[in-house]
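Undergrad: need a structure here:
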Amino acid sequence: MIILDFLEREKLVANGNIDDVPDALKEGLVLFESYNGNANHAEVLYEKFNLNNELILARLSYLCGDYIKALELAIKAGDVYLRCEILISLNQFDEALSVLKDEPTGATWYYYSGVVYSHKALYGKAIACLEKANELFSKQDNLIRKLMTLSNLATCYNSNGEVSKATKMFEGAAALAKSIDKKIFPRFCSKFFVNYGFHLMQTGYLHSSFKYLRNAEKLIGTNRSEEYYRAKVFLAYVVKQMGYYHKSITILENIEPVVKCLNNDRLRYLAECYTQVGDLEKSRATIAVAHSLSIDDKFAQIFLNLSTYQNLVLEGSLKLAEDTFLEIKQLCVETKDEISWEFALAKKAYFTNDVALARSQMGKLHKLGFEVEFLECTLTVAIKLIGAGNHQGALAILNRTNFSECPAQLIEARLLEGICYKYLNQNLQSSMAVEAAYGLSKIRKNGFLVAKCLLIQMHLSNDFQEVIEFQSKYIGATKVLESWQKKSLVQF
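TA: A predicted model of the protein is given here:
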């Protein structure tokens, strides 16, 4: 197998036997190292071997991030598809299409055309091209090209709102990835892992998402590429959704992606984490920085305004909050972004405890794959039922909903179950549910939820000495909380 030859030749290089390596294998070894994610080491080998190959040098320059030099060399070498790939990285999509225009159609042509159309958000065209590429590649033995085609196709379906089709494509790609040696092709496999991890993250499968993103991070290693930053940003989001806000903050504060949209995502997630730990001042400052970077990005502004909306609701600035939500609506209309609008409505229902809105959004959220938001609306409905004295109804809706993938929402669900069981005279189940919530909150070091658990334990206990003990712990827990958090606990 040629890869084994590469590895054997590496040993020869390490021993100083460069002259024993044929020119063809020298070039192959350089490319092998570069595709392995070791572009800088490949450059060293290129110089050591005294190679004079513009195409290989173009590929190396591209993988090392020197896109301008890579583009010049790719043009000289006459490699149309490498030129197209570099233009995509430079966000010059129309130029990339013009380069492909005179090329004969085939599997690779359809693949790159589909990738370009996906970046231009022309998902119908992208899907048509990638479907054709997938059909043609299925007759070939190139597993990596098949994997990347399925991954891009799944991503397009996801962006087009066809979540079930995206899931099916990703599952097919995941099955294919099992037969590929990840250590030989880390760059491509890590890219797929990040794409699939992002999809799983969006559809609420947080534990599976965490697994794929961690695998991507390990494969990428110390190579600070765009893929590395994507993996870290999405990993931080998953950790945030699980309720580990401080851990997420640590990840996000220690990276700064070069790509503007990815850095915007990082700042938004960071702002949301600051909100969750009670630091609204830091949250507002972070949102302001993100807004300054996204003046021309209406999609980013939708979600930044949603973060601002949450903060305003928590502060009790309801008039300003409503004005901000009207801005979100206007942005969704301008961008014709119906999916983001449904997401925003779901968040509004949760932030404001709007039960009617929560009920109307639940079916849509399930269909669109917004599982976390679906769970949040479920909690909103359950709280209303408890407030109305319908503890059996609240318990029914909580018991038939699977919260296991989303620990932060699971804690809230367990607390509500504890209340319901108590009023239904099932004291043992009540105690077990609240204790489970309390334990999870402490593990996640979530002071607000710890205080909420203690508050509920204090009110549900029939033992006077126990009440005094819970009250003492509650007072201690609330000392470190912000005023709006204390107000929220009193209202609860």
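
Undergrad: Let's verify Asp296: helix, strand, or coil?
TA: coil (DSSP: H, G, I helix; E, B strand; the rest coil).

Undergrad: dump the residue contacts of the residue lying closest to Leu213 once chain neighbours are set aside.
TA: The shortest distance from Leu213 to any residue other than its chain neighbours is 3.9 Å, reached at Gly197 (C-beta to C-beta, 6 or more residues apart in numbering). (Each C-beta comes from the backbone N, C-alpha and C, glycine too.) Residues near Gly197 by C-beta atoms under 8 Å, 6 or more residues apart in numbering: 209-213, 216, 231, 234-235, 238.

Undergrad: cool, Phe170 as well?
TA: Neighbouring residues of Phe170 by C-beta under 8 Å, 6+ apart: 150-151, 154, 195-196, 199-200.

Undergrad: What separation do you get for Val434 and Leu460?
TA: With distances taken as C-beta to C-beta, to the nearest Å, Val434 is found 7 Å from Leu460.

Undergrad: List the residues that are in contact with both of those two.
TA: Common neighbours of Val434 and Leu460, using C-beta under 8 Å, 6+ apart, are Gly418.

Undergrad: And those two? Which one has more around it.
TA: Between Val434 and Leu460, counting by other C-beta atoms under 10 Å, Val434 is the more crowded of the two (24 against 19).

Undergrad: ok, the more buried one - contacts?
TA: The contact partners of Val434, taken as C-beta under 8 Å, 6+ apart, are 414-415, 418, 453, 456-457, 460.

Undergrad: Serialize these to a markdown table and add fields for secondary structure, distance to Ser294 and pLDDT.
TA: What follows is the contacts of Val434, written out as a markdown table (DSSP: H, G, I helix; E, B strand; the rest coil; distance: C-beta to C-beta, whole Å; pLDDT from 0 to 100):
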| residue | secondary structure | distance to Ser294 | pLDDT |
| --- | --- | --- | --- |
| Arg414 | helix | 37 | 92 |
| Leu415 | helix | 36 | 90 |
| Gly418 | helix | 42 | 90 |
| Cys453 | helix | 37 | 83 |
| Ile456 | helix | 40 | 84 |
| Gln457 | helix | 43 | 83 |
| Leu460 | helix | 46 | 81 |
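
Undergrad: most surrounded residue in those?
TA: Cys453 leads these on contacts (other C-beta under 10 Å) with 28 neighbours.

Undergrad: Ala433 is in contact with that one, correct?
TA: No. Look at Cys453 against Ala433 with C-beta atoms under 8 Å: they stay out of range, at 10.4 Å.

Undergrad: which neighbours do these two share?
TA: The contact sets of Cys453 and Ala433 overlap at Leu415 (C-beta under 8 Å, 6+ apart).

Undergrad: distance of the one residue sitting closest to the centre of the chain from Thr378?
TA: Centrality entry for the chain: nearest residue to the mean C-alpha point is Phe234, 3.5 Å, by C-alpha atoms, centre = their mean. In this view, Phe234 and Thr378 are 25 Å apart by C-beta to C-beta.

Undergrad: likewise Asp296?
TA: Applying C-beta to C-beta to Asp296 and Thr378 gives a distance of 37 Å.

Undergrad: How about Tyr212?
TA: 26 Å.

Undergrad: Between these two, which is the more surrounded one?
TA: Shown here are Tyr212 and Thr378; by other C-beta under 10 Å, Tyr212 has more neighbours (28 against 24).

Undergrad: From the chain's centroid, how far away is the helix or strand His291 falls within?
TA: According to DSSP states H and E, His291 maps onto helix 280-293. Distance, stretch centre to chain centre, for helix 280-293: 20 Å (C-alpha atoms, centre = their mean, to the nearest Å).

Undergrad: Counting neighbours, which bits of that helix end up buried?
TA: 280, 282-284, 286-287, 290-291 (16 or more other C-beta atoms under 10 Å).

Undergrad: just checking, what packs against the following helix or strand past it?
TA: Next in sequence after helix 280-293, counting helices and strands by DSSP H and E, comes helix 298-315. Applying 3 or more C-beta pairs under 8 Å, 6 or more residues apart in numbering; DSSP states H and E, one finds that helix 298-315 contacts helix 260-276, helix 280-293, helix 318-335, helix 338-352, helix 483-491.

Undergrad: so what does the third one touch, helix or strand wise?
TA: With contacts taken as 3+ C-beta pairs under 8 Å, 6+ apart, helix 318-335 sits against helix 298-315, helix 338-352.

Undergrad: buried ones in that helix?
TA: Under the neighbour-count criterion of 16+ other C-beta under 10 Å, helix 318-335 has 321, 324-325, 328, 331-332 buried.

Undergrad: and of those residues, the nearest to Lys445?
TA: Nearest to Lys445 out of the buried residues of helix 318-335 is Ala321 (C-beta to C-beta; 28.5 Å).

Undergrad: hang on, isn't that closest one packed against Val313?
TA: Yes. Using C-beta under 8 Å, Ala321 makes contact with Val313 at a distance of 5.0 Å.

Undergrad: Helix, strand or coil: sort out the residue nearest to the centre of the chain for me.
TA: Looking at Phe234 with three-state DSSP, the answer is helix.

Undergrad: From Leu206, how far off is it?
TA: Counting by C-beta to C-beta - Phe234 and Leu206 are separated by 11 Å.

Undergrad: ok, Leu460 touching Tyr423?
TA: No. Judged on C-beta under 8 Å, Leu460 makes no contact with Tyr423 at a distance of 9.2 Å.

Undergrad: Give me the nearest residue to Gln409, chain neighbours excluded.
TA: Once flanking residues are discounted, Gln409 sits nearest to Leu375: 4.3 Å by C-beta to C-beta, 6+ apart.
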